[in-house]
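# fold the stuff below for me.
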Amino acid sequence: VNERGKTELFYGLSQKQFWYQRKLQIVEQINRNIELLKYIPKIINSPISIEEIIQEKIGVSLEEVVKILIMLYGRCLESVDFSVLTVDDSLLRLDSCYTQENIRRVVDYFTADYSTVRSSPLNENFFYTKPFIRTDSGKIIAVNHYIVSRKCADAVYWIIRNHYEEQKKQDFTNEFGRYFEKYFGDMLQHYLKIEKIERLQEDEKEKMADWAIYTTNYIVIIEQKSSLASLTTKREYPDAVSLERFFSNFVKAFQQLDSTERKIQDKVMGREVVKIALHYEDLYIQSIIKEDIFNNKHELKNTNNFFIAGIADLEKLIYVLSYDEAEYESIIKDLILAENASPGEGKELEHMLEKHGIHQNNYITYVKNHLEVIFSQWDEKQKSNV
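Here you go, the predicted structure:
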């Protein structure tokens, strides 16, 4: 297998399989997406009316979609047959959104029949878009509870994205980049003193990276990429064109980081520069994607200290910096050293955080835990109903 073939295979397999072992990630993603799609658009006056689109498509609100999917996931653990939906009174006492009509609306929206599945170019990955199937005899069956759990996290994103794709418009994907930038900026400002962070300004000639984080021995420059890979890439033999398109985001990020490093030379003052392409989507083999980019000889002046990292890992890393700069720098140092480690050893930021015993995501657990709010409301109701 040639180098690109190997990358394609590892990428496809890891994206298809690895998330099954990471159930906690789904809880984090639900919280992150509620923040990104319910709260941030209002704060930045986004022209996209997310709530209206969801109401129009399904007939319930954004938060109700999430609550109903969580309940459906819970029910999947007992039975995958959703043909008959009777609603227990206790469910309605828990939350007024749990009417038979609302639940049916959500199930119907995420249900497809056999012919739709067979004719889809997504093959078996079609079920990531619609995790319920209507059989020829009219039964409605959940394909598997893992995929329903994943829908709890990404349903709202895809309802909006598909709405704009049907109109052949890029509005939402462009706006989502703004949401993600605001989200990351909020997180930085929550944890760090203003002198540690800089929002880098673009100039007309060359694009700049988004952020710089300054500490005693390092400058970390970060370029955010919010695009998601097509489902046609998340299988054993990924669609090469879609994969190339997805990887090109990282090529662009590396080029922006490379030119930014040259532009900020006057600020370096003996510090080591680390360049991170920050992605929104969960990726599992970042170092292999990075090597693939380097092997394809994209014009980069300095190929040292480039990394690809996910939002969850950066949330954890920034939290460490908020209480212990030495520990933060030690993690960065390990990340750079791991570059030359033998194959098979973890080279990703995720592995460095694990090595330093950083497991919990403080930002999602304590600062932006929207699920906690929903569940505590439920607790209160149950107590008052007793």
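# please state the offset of the longest helix seen in the chain from the chain centre?
If you go by DSSP state H, the chain has its longest helix at helix 240-263. With CA atoms, centre = their mean, to the nearest Å as the basis, helix 240-263 stands 18 Å off its chain's centre.
# show me which positions of that helix end up buried.
When burial is assessed from 16 or more other CB atoms under 10 Å, helix 240-263 yields the following buried residues: 243, 246-247, 249-251, 253-261. All C-beta atoms are positioned from the backbone trio N, CA, C, and that covers glycine.
# tell me the one of the residues you listed nearest residue 227?
Of all the buried residues of helix 240-263, residue 249 has the smallest distance to residue 227: 5.2 Å, by CB to CB.
# just to revisit the earlier point, packing partners for the longest helix of the chain?
Taking 3 or more CB pairs under 8 Å, 6 or more residues apart in numbering; DSSP states H and E as contact, the helices and strands that helix 240-263 lies on are helix 3-17, strand 218-225, strand 272-279, helix 286-295, strand 306-310.
# which stretch in the ones you listed has the least confidence?
When those are compared by mean pLDDT, helix 3-17 comes last with a mean of 53.
# where does pLDDT dip in the stretch 151-300 of the chain?
For the stretch 151-300 of the chain, applying pLDDT under 70 flags the ranges 228-243, 246, 282-292, 294-298.
# how about a cut-off of 90?
The stretch 151-300 of the chain contains residues with pLDDT under 90 at 151-154, 157-158, 161-162, 165-166, 170, 173-174, 201-208, 225-255, 277, 279-300.
# once you drop chain neighbours, what's closest to residue 307?
Sequence neighbours aside, residue 276 is the residue nearest to residue 307 in space, at 5.0 Å (criterion: CB to CB, 6 or more residues apart in numbering).
# burial count for residue 338?
For residue 338, the neighbour count with other CB atoms under 10 Å is 18.
# not counting its neighbours along the chain, what's nearest it?
Excluding the flanking residues, the one nearest residue 338 by CB to CB, 6+ apart is residue 347, at 4.5 Å.
# can you check residue 277 too?
Closest residue in space to residue 277, ignoring its immediate chain neighbours: residue 253 at 3.7 Å, by CB to CB, 6+ apart.
# wait, that neighbour touches residue 226, no?
No - between residue 253 and residue 226 no contact is recorded; they are 11.0 Å apart, counting by CB atoms under 8 Å.
# can you tell me the SS state at residue 65?
Following DSSP: H, G, I helix; E, B strand; the rest coil, the label given to residue 65 is helix.
# now do it against residue 301, distance only.
According to CB to CB, to the nearest Å, residue 65 stands 47 Å off from residue 301.
# same drill for these two, tell me which one is more crowded.
When residue 65 and residue 301 are compared for neighbours, residue 65 comes out ahead with 26 against 9, by other CB under 10 Å.
# shouldn't that one be in contact with residue 54?
Yes - with contact defined as CB under 8 Å, residue 65 reaches residue 54; the gap is 6.2 Å.
# find residues that contact each of those two.
156, 159 (CB atoms under 8 Å, 6 or more residues apart in numbering).
# may I see the buried residues of stretch 120-140?
Buried, per 16+ other CB under 10 Å, within stretch 120-140: 120, 122, 125-134, 140.
# residue 212: which of those residues is nearest?
Taking CB to CB as the measure, residue 212 sits nearest to residue 128 out of the buried residues of stretch 120-140, at 36.2 Å.
# would you confirm that the closest one contacts residue 153?
No - counting by CB under 8 Å, residue 128 does not reach residue 153; the two are 11.2 Å apart.
# go ahead and flag the most central residue of this structure.
Taking CA atoms, centre = their mean, the centroid of the chain lies closest to residue 281, which sits 3.5 Å from it.
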